[in-house]
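> Got a predicted structure plus its sequence, pasted below:
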Amino acid sequence: MSEAVASPPVAGAEEPGLRRSIGPFQLFAYTLGGMLGAGIYGLVGRAAGQLGAAVWLGFIVAMVAALLTGLSYASLGSRYPRAGGAAYITHRTYHRPLLTWMVGLAVMMSGLTSVATQSRVVAENLLRLVEIPGVPSTLISLGFLLLIAGIVFRGIRESMWMNIVCTVVEAGGLLLVIAVGMSWWGTTNLFETPSPEGITAQLLLQGAILTFFSFIGFEDTLNVAEECHDPQRTVPIGIVSAMIVATVLYIAIAVTAVSVVPWRELAVAPGPLAEVMNRAAPWLPGWFYVAITVFAVANTALLNYVTASRLTYGMARQGLLPQVLGRLHEGTRTPYMAIAALFVVVVALMLSGDITQLASATVLLLLAVFSLVNIALFILQRRPNEPRGGFEVPSFVPALGALVCLALLINRVATGDWRAPLLAGVVLVAIAALYAVVRPRDVLPAT
């Protein structure tokens with residue numbers, strides 16, 4: 001495949017930009033890989049506890065809700081294929097450097113905490129697969145982070161191929177569950193719920209809130225739009241097709257799971273899909289899903305690292321971060337200084353211990369970012385002389401997308417653990433304080 005070089009995002013820059021090497025199939029796999037994380041292997045059980053055998057309906061409602069934001073991101077990607085993702089869109093729309101800074105660092109923090117967390121999960125699962133006497137899990141985590149950083153540095157094409165391999169393994173594991181459990185379809189009432197009132201709007205809303213996050217991967221996709229061939233067409237195809245395929249897989253998995261294992265037992269099983277396989281395919285070795293978990297978690301870490309590096313690169317090119325972070329390697333055309341700087345941060349996060357609460361807090365921040373991005377598209381659609389993309393959506397799509405994300409955010413703050421919202425607030429204050437210290441002076445207009 002021939003590789004083009006994207007034009008620099010900053011007018012007058014002499015340095016060639018990021019390399020265009022991503023086609024529709026690669027971006028589809030990239031977006032799908034961001035959705036099919038290891039979380040689905042445990043999420044089915046938690047969702048069954050809320051929705052009973054009707055868990056499949058929760059995934060449908062969640063997909064409809066998530067599709068609103070997905071369509072907004074697809075439209076924005078076709079309009080403005082720039083590294084920087086939500087930070088670039090925020091800067092272009094609101095012209096407030098502090099707001100752009102906070103959005104960019106919130107998304108970056110979400111990605112880096114995920115990478116740090118996933119490195120520990122990979123190490124723990126590898127030690128379950130292979131006993132390595134005298135080797136601490138921290139050393140394995142560090143080796144994993146080095147490997148991921150090396151792949152991201154090597155090039156976007158190499159990152160895409162690694163993602164395809166991991167996504168095939170993830171999807172293959174889910175397809176195997178469906179294949180061995182399909183003969184159980186039709187043996188249970190798929191409308192049975194824990195509520196004596198049956199399926200209600202409130203019940204579906206609660207299930208949708210839980211399953212909504214199994215569909216998010218838009219920010220990962222938007223941040224590599226600058227590296228796509230024909231992004232006006234590629235970005236919408238990648239996002240929409242991935243969401244459709246993920247929905248079909250999730251529904252089939254949900255139906256299979258509650259058909260093989262009664263939903264009450266599924267809800268309390270420590271490994272819901274592992275329990276499904278124990279009953280439907282007892283011949284399968286126990287290490288099988290441990291190995292799939294390694295691929296799924298590694299894929300999530302890879303995508304988040306790519307996203308964080310492109311976000312850092314984009315913000316540096318806009319003047320919001322030190323200019324050195326916007327440098328590209330002459331051979332690989334990757335933002336090598338951003339990759340190196342992020343490696344230091346993610347290693348520090350990994351060594352700091354359990355950051356589960358921090359990861360939960362950054363998820364709340366992502367909902368706020370999704371709301372701002374939806375509102376941004378609504379504003380940009382009405383602004384004179386804004387370029388139109390190859391994929392336009394009606395104005396009610398971003399409007400409803402913003403309302404859905406705000407509703408989810410309010411629900412999580414009002415009904416969830418108070419520690420995550422409090423920590424999210426602390427993170428925002430820290431990000432704002434850091435802006436006061438750095439005080440970017442040469443912020444360029446979004447072009």
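Perfect, I can see it now. Residues are numbered from 1 along each chain as shown.

> for the stretch 151-300 of the chain, what spans make up the helices?
Per DSSP state H, counting those that start in this stretch, the stretch 151-300 of the chain carries helices over the ranges 156-181, 201-211, 218-223, 231-260, 263-268, 272-280, 288-317.

> mind checking which of those is nearest Ala399?
Nearest to Ala399 among the helices of the stretch 151-300 of the chain is helix 218-223; the distance by Cβ to Cβ comes to 16.9 Å. For glycine as for every other residue, the C-beta is placed from the backbone atoms N, C-alpha and C.

> and the helix or strand hosting Leu409, what does it pack onto?
Per DSSP states H and E: Leu409 is located in helix 396-415. The helices and strands touching helix 396-415, judged by 3 or more Cβ pairs under 8 Å, 6 or more residues apart in numbering; DSSP states H and E, are helix 55-79, helix 201-211, helix 356-382, helix 419-438.

> Worst mean pLDDT among those helices?
Ranked by mean pLDDT, the helices and strands packed on helix 396-415 bottom out at helix 201-211, with a mean of 81.

> Kindly calculate the angle that it makes with helix 231-260.
If you take axes from the mean of the first three to the mean of the last three Cα atoms, to 10 degrees, helix 201-211 sits at 110 degrees to helix 231-260.

> what is the orientation angle of helix 201-211 with helix 396-415?
On the basis of the same axes, to 10 degrees, helix 201-211 is oriented at 90 degrees to helix 396-415.

> So what touches helix 201-211?
Contacts with helix 201-211, where a contact means Cβ atoms under 8 Å, 6 or more residues apart in numbering, come from 43, 46-47, 50-51, 54-55, 57-59, 61-62, 65, 193, 195, 197, 250, 408, 411-412.

> next one: that helix to chain centre, how far?
The chain centroid and the centroid of helix 201-211 are separated by 20 Å, computed with Cα atoms, centre = their mean, to the nearest Å.

> Which positions in stretch 396-403 come out as buried?
By 16 or more other Cβ atoms under 10 Å, the buried positions in stretch 396-403 come out as Val397, Pro398, Ala399, Leu400, Gly401, Ala402.

> How about stretch 120-132?
Those buried within stretch 120-132 under the rule 16+ other Cβ under 10 Å are Arg120, Val121, Val122, Ala123, Glu124, Asn125, Leu126.

> Stretch 195-207 too?
Leu203, Leu204, Leu205, Gln206, Gly207.

> got the CA positions of that stretch in CSV?
Extracted in CSV, the C-alpha atoms of stretch 195-207 (Å, rounded to 0.1, in the frame of the first residue of the first chain):
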residue,chain,number,x,y,z
SER,A,195,-38.3,-6.5,38.4
PRO,A,196,-41.9,-7.8,39.0
GLU,A,197,-43.1,-5.0,36.7
GLY,A,198,-41.1,-6.6,33.8
ILE,A,199,-39.4,-4.4,31.2
THR,A,200,-39.8,-0.8,32.1
ALA,A,201,-38.2,2.4,30.8
GLN,A,202,-36.3,2.9,34.0
LEU,A,203,-35.0,-0.6,33.9
LEU,A,204,-33.7,-0.2,30.3
LEU,A,205,-32.2,3.2,31.3
GLN,A,206,-30.2,1.6,34.1
GLY,A,207,-29.0,-1.2,31.9
